[in-house]
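> just to be clear, the model below is a prediction. Sequence and coordinates:
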Amino acid sequence: MAEVIGVIVEIIFRNEDNGFTVLDLVNEADGTLVTAIGTIPFAVEGERVRITGEWSVHPDYGEQIKIEHYESAVPTSLDSLERYLASGLIKGVGPSTAKNLVEHFGLDTLDIIQFYPDRLTEVPGIGPKKAETIAASFYEQKEVREVMLFLQSHGISTNFAVKIYKIYGDQTIPILKENPYRMAQDVVGIGFKTADKIARSMGVEFDSPYRVMAGTKYVLSQAANNGHTYLPREELINNATVLLGVDREMVENAIVSLAINQSITLKETEEHTAVYLQAFYVAESNISKALMELTMAEMSIPVDNLDKVLYDLQKQENIILAQNQKEAVIESLQNGVLVITGGPGTGKTTTINCIIKLFEQLGYEVMLAAPTGRAAKRLSETTGREAKTIHRLLEYGYSGDGELDFFQKDEDNPLEGDVVIVDEMSMVDVLLMNNLLKAIVPGTRLIMVGDVDQLPSVGPGNVLRDIINSGLVKVIRLTEIFRQAQESMIVLNAHRINRGEFPMLNVPDKDFFLDRRQSPKEILETIVDLICRRIPGFGPFDPLMDIQVLSPMKKGLVGVNNLNAELQRVLNPPKPNKNEKASRDMVFREGDKVMQIKNNYNLTWKRYSRGKVIEEGDGVFNGDVGFIESIDNDDREMKVVFDDDKVVVYDFTQLDELELAYAISIHKSQGSEFPVVVIPMAWGPPMLMTRNLLYTAVTRARKMVVLVGREKTIQAMVQNNHITNRYSGLERRLKNLFSTLVVDDKYNVFGGNVFGDNALGDNVFDDAED
């Protein structure tokens, strides 16, 4: 590790958001000019600094030191002191005042400002008020540096130190000394394990109540990452004691404390005590109430001669509706909430289009939405109407740190349409569903469309399945496979898999194949050959644009990580004229296929035409796929062009939001369709290799499915109907509400105010739930 001490002579570049800086300083050791790059957010020209880091050689700019650590040092010459004061760092001190101060006080100037500010009035042009301003500004800057040094001394990187200071300001040190675990909930990117490491370096005791409470919440948040909205109390206690290495009583006390301060909620059920993070408890409660209100609203639309209306609609669209499709259209007129579910080829899209046309003919405004950008784009293409992501429909807003702050559409500013149709409902989690329902008032119809047999949402909850199983709302199941769809082995095999039957493979002139291979090494080599040579030779399929590898797992030879490395090597190899940037355990290269892996509401995108910006907005979402257009290692930026021609510029500090996407996990593929899907069939854990995972994968393909591997693996997945249970209270809450309602036998429509004037009062809801 090299060390340079010197005076900064020029700030060449600074990113004000993350503090990344390029600067020149004069090395005191030999008088040479040194270029330094790194995160040094508060440094100014004229400041004397001590920098440690590694030397590197840039092809264009020559030798430079990459900053690992820095600290401010007291200026040792009159010239550097004057330059430091004249930099604008201290309010009230410009070049002229700086010169006068140094001429009057010499090298004692900083001590005078800090300890004897009244003496500043000795300098011509400085009165009592200006002296007070100078002293206060100097104290503030000194405090910033003390905070930065304090954070760095406990192993906090400069990037995170900047984030922390922006949140806590001058209270950073006292807050973190009292409870460093606050960072885990307040600072984006710092989780419990990082906060715990920092806390231990600060001397926080192993059995600190703050540590145990933070660890207990961490266990619940990890459960949410695995799809649960709560954990049984006993499971939570067991997991927390193992994680924290403390006794049971301490975790029990932490649960009580967290419940008292309303960080968590405990709910008694018939099976166990459910422990929720507060946000998920509130979400389930609100969803239950909202669905009941929408269901109970009087929604029937009288239509003269409904049979003729349906006949004319089919003639107009040149289609013949199956009986359950007709039923779906009719029920959309009769119910405030309707679920339409069915597998591939059963006519969900046709049904949606008929419902849209019917409501439009009746003068109703229809709004279309889907959970992801790609799903919304598909919905727009199949309906010929604008479809938005749910986030965009609800007009999301964001805070300065890029995290979701609020939805502008809510109970006080609801959606103005008459009918809201949401496609790909299996992908919607409880938090998003809660926000959607807040913006839908009774009298507005909600029609949810999806395939309940696909994988549940990545986020917590099992919303679509819970709603269907509850019996609270009308559900139409589309089961008939249409003749055109019957010609596709993809559709037929998807239904065979869903019924637990082995798929029909390698039927001549069809679209569903198995390339039999035994070892993971053979499977890997075959996949590379298929994508680079065989499939493009079979049809007009582009290896990057049309073919997508979907893997059941992340690790191993045929896991997502290794597949991406191998496919990148052959599809986009390194070249002297291709810039690249290492990040985590991968290398990003110009031309790479990448995927956004988290929602970022603060990223700005632009669309261009002939070099001019024609549209811009904010927000890039989990699952969006694009290609790296350029990497600028000098400005530390990477430009990505996404599928819908949105151009996004990423700062290098944001690269943890991207992954290579030559291969993606099956979970990540939900809501997307690809012309060709290639799936490795190697051994994997039975808990992972399930029927609905295979079903989800094959239903992502439009024109061709190629399985590569062992028939035994396919057979095992088809026979494994294990659905990982998610701890969710939504179905139970909805069933309890359903049991209190009066049901109309004909349409299963809820009528009348069965609760009296206080139909939706809190006490009624709580009693019904219990």
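Sure, I can see it. The structure presented is a predicted model; accordingly, all values stated were derived computationally and were not measured.
> ranges for the helices of the stretch 151-300 of the chain?
Along the stretch 151-300 of the chain, the stretches classed as helices by DSSP state H, counting those that start in this stretch are 158-168, 172-178, 182-186, 192-201, 209-225, 233-244, 248-260, 278-296.
> I'd like these as JSON lines, with distance to Trp55 appended.
C-betas here are computed from N, CA, C, even on glycine. What follows is those, written out as JSON lines (distance: least, C-beta to C-beta, whole Å):
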{"stretch": "helix 158-168", "distance to Trp55": "19"}
{"stretch": "helix 172-178", "distance to Trp55": "32"}
{"stretch": "helix 182-186", "distance to Trp55": "33"}
{"stretch": "helix 192-201", "distance to Trp55": "28"}
{"stretch": "helix 209-225", "distance to Trp55": "39"}
{"stretch": "helix 233-244", "distance to Trp55": "41"}
{"stretch": "helix 248-260", "distance to Trp55": "48"}
{"stretch": "helix 278-296", "distance to Trp55": "48"}
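> flag the shaky bits of the protein, pLDDT-wise.
Along the chain, segments meeting pLDDT under 70 span 16-18, 87-89, 149, 152, 158-159, 398-405, 483-485, 634, 740-770.
> quick check: domain ranges of it?
Structural domains annotated on the chain: 2-153, 179-268, 284-480+728-769, 501-572+587-719, as defined by automatic domain parsing.
> which among those is found nearest to Lys581?
domain 501-572+587-719 (5.0 Å; C-beta to C-beta).
> check the offset of the closest one from the chain's centre.
Here the centre of mass of C-alpha atoms in domain 501-572+587-719, compared against the chain's by C-alpha atoms, centre = their mean, to the nearest Å, lies 18 Å away.
> quick one: end-to-end distance for that domain.
Start and end residues of domain 501-572+587-719 are separated by 8 Å (C-alpha to C-alpha, to the nearest Å).
> re earlier: Ala161: which of the domains of the chain is closest?
If you check each of these against Ala161 by C-beta to C-beta, domain 2-153 wins as the nearest, at 4.1 Å.
> give me the distance between the most centrally placed residue in the chain and Thr32.
Compute the mean C-alpha point of the chain, and by C-alpha atoms, centre = their mean the closest residue is Lys598, 2.6 Å away. In this structure, Lys598 lies at 43 Å from Thr32, with C-beta to C-beta, to the nearest Å as the measure.
> then Met717?
Separation of Met717 from Thr32 (C-beta to C-beta): 64 Å.
> same thing with Ala240?
Separation of Ala240 from Thr32 (C-beta to C-beta): 55 Å.
> between these two, tell me which one has more neighbours.
When neighbours are counted by other C-beta atoms under 10 Å, Ala240 and Thr32 differ, and Ala240 comes out ahead with 25 against 12.
> quick check: that one touching Gly215?
Yes: Ala240 lies in contact with Gly215 (C-beta atoms under 8 Å); the separation is 5.8 Å.
> common neighbours of these two, please.
Residues touching both Ala240 and Gly215 comprise Ala254, with contact defined as C-beta atoms under 8 Å, 6 or more residues apart in numbering.
> just checking, what packs against the helix or strand containing Phe513?
When elements are assigned from DSSP states H and E, Phe513 belongs to strand 512-516. In terms of contacts (3 or more C-beta pairs under 8 Å, 6 or more residues apart in numbering; DSSP states H and E), strand 512-516 is packed against helix 489-498, strand 701-709, helix 711-719.
> so how far is Ile90 from the nearest residue to Ile173 once chain neighbours are set aside?
Setting aside the residues directly before and after it, Ile173 is nearest to Phe150 in space (C-beta to C-beta, 6 or more residues apart in numbering), at 5.5 Å. With distances taken as C-beta to C-beta, Phe150 is found 21 Å from Ile90.
> now distance to Leu492 too, for the domains of the chain, in JSON lines please.
Converted to JSON lines, the domains of the chain look like this (distance: least, C-beta to C-beta, whole Å):
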{"stretch": "domain 2-153", "distance to Leu492": "52"}
{"stretch": "domain 179-268", "distance to Leu492": "30"}
{"stretch": "domain 284-480+728-769", "distance to Leu492": "8"}
{"stretch": "domain 501-572+587-719", "distance to Leu492": "7"}
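> out of those, nearest to Val491?
Proximity to Val491 (C-beta to C-beta) singles out domain 284-480+728-769 among the domains of the chain, at 3.8 Å.
> out of the domains of the chain, flag the one nearest Asp170.
Shortest separation from Asp170 across the domains of the chain is recorded for domain 2-153, at 5.6 Å, computed as C-beta to C-beta.
> please state the offset of the closest one from the chain centre?
Distance, centroid of domain 2-153 to centroid of chain: 39 Å (C-alpha atoms, centre = their mean).
> still on that earlier bit, for the helices of the stretch 151-300 of the chain, which one sits closest to Glu580?
The nearest among these, by C-beta to C-beta, is helix 158-168 at 21.3 Å.
> which strands or helices does the closest one pack on?
Helix 158-168 sits against strand 33-39, strand 62-73, helix 128-153, helix 172-178, helix 182-186, with contacts defined as 3+ C-beta pairs under 8 Å, 6+ apart.
> closest to Ala290 out of those?
Each of those has some distance to Ala290 by C-beta to C-beta; the shortest is helix 182-186, at 27.3 Å.
> what helices and strands are in contact with that closest one?
The criterion is 3+ C-beta pairs under 8 Å, 6+ apart, and the helices and strands that helix 182-186 contacts are helix 158-168, helix 172-178, helix 192-201, helix 209-225.
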